[in-house]
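Asker: sharing a sequence plus its predicted fold:
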Amino acid sequence: MVKYAAPTMLSAPSLLLAALLLASCGGGEQQAAPPPGPPQVGVIEVRQQAVTLSNELPGRTSAYETSEVRPQVNGLVLARLFQEGDFVRAGQPLYRIDPSPYQAQVASAQAAVARARAAITSSQALARRYGELVKINAISRQDFENATTSAQQAQADVAAQQAALRTAQIDLGRTTVRAAISGRIGRSTFTTGALVTAAQTEPLTTIQRLDPIYVDIQQSSADLLRLRQQILSGALSRGGGAARVKLKLEDGSDYGPEGTLKFADVTVDPATGSQVIRAQFANSRGLLLPGMFVRAVLVEGTQANAMLVPQRGVSRDEKGNPTVLVVGAGDKVEMRVLTAPRTIGDNWLVTAGLKLGDRVIVEGAQNLRPGTAVKAVPYNPNAAAPQGAAQGGGQPGAAAAGQAK
């Protein structure tokens, strides 16, 4: 026979405690957290604006004028009349070559002129006498014509001897070697006592005019062709003036005065596919020297209706094409492939792939997929980035590229 235990009667306090526990459990299920809303992203609205396009290219400085000083007569150098490295002016004496042989040539030429003049006096007098005699048939006509010809030849001899005298005087003057241009003179490669010749290939010294100064810039012929086409089509404007050029020196500092573009070489180097562009700069302080390496910032012109997108919002797909994420219809994420040929500061210049009013995501795009609903707010670059948000454009693009496969 089975015995059953009598049910235990609960006291009133126990019943009250059980009721409270049941009530608390039921209430927790009714107050569960609501589902999370769409993620918030920072966007910028695509607008058109005028931008100045520039291109940084390597270049070398070269003198505005260069004169290699060479002797034009033979002889010994008797004196050097300048200090190496000084500024010399056109016409200033630089060297003195032994003038003795040329002084003798001048004296000889002067004597020849005097002899020719004496001969012309005698021949002219003879021609006059023969002229009177031929009238009375005292001499033959042939003798008169011979005397007249001799007088004319004597006149020609005088002219020839005067020319020889002038040549000798020029050679004597060339024994003083003078500066052909004004500028900074270099070191002298010949000293006092050196024998120099008129046909020598090595210059005595070199003079360079450095104010103004040229900068020769290497630019791709394809880029130069594109620039010309943009100017001709009206897409790029220079304001009716020559292109402006700025310089960065070897230490990275900016060279103050701006230069002007003078010309582009008419020949393309077949080895490099580049053309030489020459710019001219003022150099009153003598800071630029020939042969210096510089970086030339060529201001190409102004594009009136340009679209710029921050670099942090642009990345590359698996094909290397630039892409962005935009907030499209229904506040959903869309991916766009761009045509962005160049950067301007911290932005990409976009020529295709976006239209005015598009909202480009530049913050908070980490791990977003195309089609995801988001909450778009204007991007504030001065605000602190929220925790977990992407700090650059690389990760959003990488995520989008992963979803585009």
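Answerer: The structure has been received and is ready for your questions.

Asker: all strands for the stretch 201-350 of the chain, in order.
Answerer: Here the stretch 201-350 of the chain has its strands, by DSSP state E, counting those that start in this stretch, at 205-220, 244-248, 254-264, 274-281, 293-310, 315-316, 322-327, 333-337, 342-344, 347-350.

Asker: okay, the ones you listed, which one's buried deepest?
Answerer: strand 322-327 (a mean of 24; mean count of other Cβ atoms under 10 Å). C-betas here are computed from N, CA, C, even on glycine.

Asker: that one pairs with which strands, parallel or anti?
Answerer: strand 315-316 (antiparallel), strand 333-337 (antiparallel), strand 359-363 (antiparallel) (DSSP bridges).

Asker: out of the ones you listed, nearest to K246?
Answerer: With Cβ to Cβ, the closest approach to K246 among the strands paired with strand 322-327 belongs to strand 359-363: 29.5 Å.

Asker: is T191 part of a helix or strand, or is it coil?
Answerer: Per DSSP: H, G, I helix; E, B strand; the rest coil, the secondary structure class of T191 is coil.

Asker: ok, back up a step: least reliable of the strands paired with strand 322-327 going by mean pLDDT?
Answerer: Of all these, mean pLDDT reaches its minimum on strand 315-316 (a mean of 86).

Asker: centre of the chain to it, how far?
Answerer: Between the centre of strand 315-316 and the centre of its chain there are 30 Å (Cα atoms, centre = their mean, to the nearest Å).

Asker: I'd assumed S54 was in a helix, is it?
Answerer: No - with three-state DSSP as the criterion, S54 is located in strand rather than a helix.

Asker: now stretch 185-202: buried residues?
Answerer: Using 16 or more other Cβ atoms under 10 Å as the test for burial, stretch 185-202 gives I185, S188, F190, V196.

Asker: rewinding a little: rebuild the strands paired with strand 322-327 as CSV, extending it with distance to I139.
Answerer: Listed next are the strands paired with strand 322-327 as CSV, based on distance: least, Cβ to Cβ, whole Å:
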stretch, distance to I139
strand 315-316, 110
strand 333-337, 110
strand 359-363, 114
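
Asker: among those strands, which is nearest R80?
Answerer: Closest to R80 of these, according to Cβ to Cβ: strand 315-316, at 64.6 Å.

Asker: what's the closest non-adjacent residue to A154?
Answerer: Ranked by Cβ to Cβ, 6 or more residues apart in numbering and with sequence neighbours excluded, the top spatial neighbour of A154 is I120, at 3.7 Å.

Asker: shouldn't that neighbour be within a strand?
Answerer: No - counting by three-state DSSP, I120 is not found in a strand; it is helix.

Asker: contact partners for the residue most central in space within the chain?
Answerer: Centroid check for the chain by Cα atoms, centre = their mean gives A296 as the closest residue, at 3.7 Å. Counting by Cβ atoms under 8 Å, 6 or more residues apart in numbering, A296 makes contact with E56, L57, P58, G59, V215, I217, V245, K246, L247, K248, A279.

Asker: now, which of the buried residues of stretch 185-202 sits nearest V333?
Answerer: Out of those, the member with the shortest distance to V333 (by Cβ to Cβ) is I185, at 69.5 Å.

Asker: which pLDDT does the model give the closest one?
Answerer: So I185 comes in at 95 (pLDDT).

Asker: against I277, how distant is the nearest residue to G330 once chain neighbours are set aside?
Answerer: The shortest distance from G330 to any non-neighbouring residue, by Cβ to Cβ, 6+ apart, is to A373 (7.1 Å). Distance, A373 to I277, using Cβ to Cβ, to the nearest Å: 52 Å.

Asker: okay, now the unreliable bits of the stretch 201-350 of the chain?
Answerer: Scanning the stretch 201-350 of the chain for pLDDT under 70 picks out the ranges 227, 230-243.

Asker: which parts of the chain are helices?
Answerer: 12-30, 100-135, 141-173, 221-233, 394-404 (DSSP state H).

Asker: quick one, what contacts T267?
Answerer: Neighbours of T267 in contact, by Cβ under 8 Å, 6+ apart: Q275.

Asker: hang on, the residue nearest to G330 packs against K332?
Answerer: Yes - contact criterion Cβ atoms under 8 Å: A373 and K332 qualify, at 5.4 Å.

Asker: between those two, which one's more packed in?
Answerer: K332 (15 against 12; other Cβ atoms under 10 Å).

Asker: for N321, phi and psi?
Answerer: Here is the backbone geometry of N321 (degrees, to the nearest 10): phi -80, psi 140.

Asker: now for the residue lying closest to it once chain neighbours are set aside: which residues touch it?
Answerer: Excluding the flanking residues, the one nearest N321 by Cβ to Cβ, 6+ apart is V337, at 5.1 Å. By Cβ under 8 Å, 6+ apart, the contact set of V337 is D317, N321, P322, T323, G353.

Asker: may I have the beta-bridge partners of V337?
Answerer: T323.

Asker: from K319, how far off is it?
Answerer: According to Cβ to Cβ, V337 and K319 sit 9 Å apart.

Asker: domain parsing for the chain?
Answerer: Here the domain parsing of the chain from automatic domain parsing is 43-50+306-404, 52-63+212-304, 77-97+175-202, 99-174.

Asker: which one of those domains lies closest to V69?
Answerer: Of all these, it is domain 77-97+175-202 that lies closest to V69, at 6.2 Å by Cβ to Cβ.

Asker: ends of the closest one, what's the gap?
Answerer: Start-to-end span of domain 77-97+175-202 (Cα to Cα, to the nearest Å) is 15 Å.

Asker: so how far is that domain off the chain centroid?
Answerer: Centroid displacement of domain 77-97+175-202 relative to its chain, using Cα atoms, centre = their mean, is 34 Å.

Asker: same deal with stretch 326-339?
Answerer: Counting by Cα atoms, centre = their mean, stretch 326-339 comes out at 39 Å from the chain centroid.

Asker: dump the C-alpha coordinates for that stretch into PDB.
Answerer: Output in PDB follows, covering the C-alpha atoms of stretch 326-339 (Å, rounded to 0.1, in the frame of the first residue of the first chain):
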ATOM      1  CA  VAL A 326      26.800  57.400 -52.500                       C
ATOM      2  CA  VAL A 327      23.500  57.600 -50.800                       C
ATOM      3  CA  GLY A 328      20.900  56.900 -53.500                       C
ATOM      4  CA  ALA A 329      17.200  56.500 -53.700                       C
ATOM      5  CA  GLY A 330      15.500  55.400 -50.500                       C
ATOM      6  CA  ASP A 331      18.600  56.400 -48.500                       C
ATOM      7  CA  LYS A 332      20.300  53.200 -49.700                       C
ATOM      8  CA  VAL A 333      24.000  52.800 -50.500                       C
ATOM      9  CA  GLU A 334      25.100  52.700 -54.100                       C
ATOM     10  CA  MET A 335      28.600  52.300 -55.600                       C
ATOM     11  CA  ARG A 336      29.700  54.400 -58.500                       C
ATOM     12  CA  VAL A 337      32.800  54.000 -60.800                       C
ATOM     13  CA  LEU A 338      34.500  57.400 -61.500                       C
ATOM     14  CA  THR A 339      36.700  58.900 -64.000                       C
END
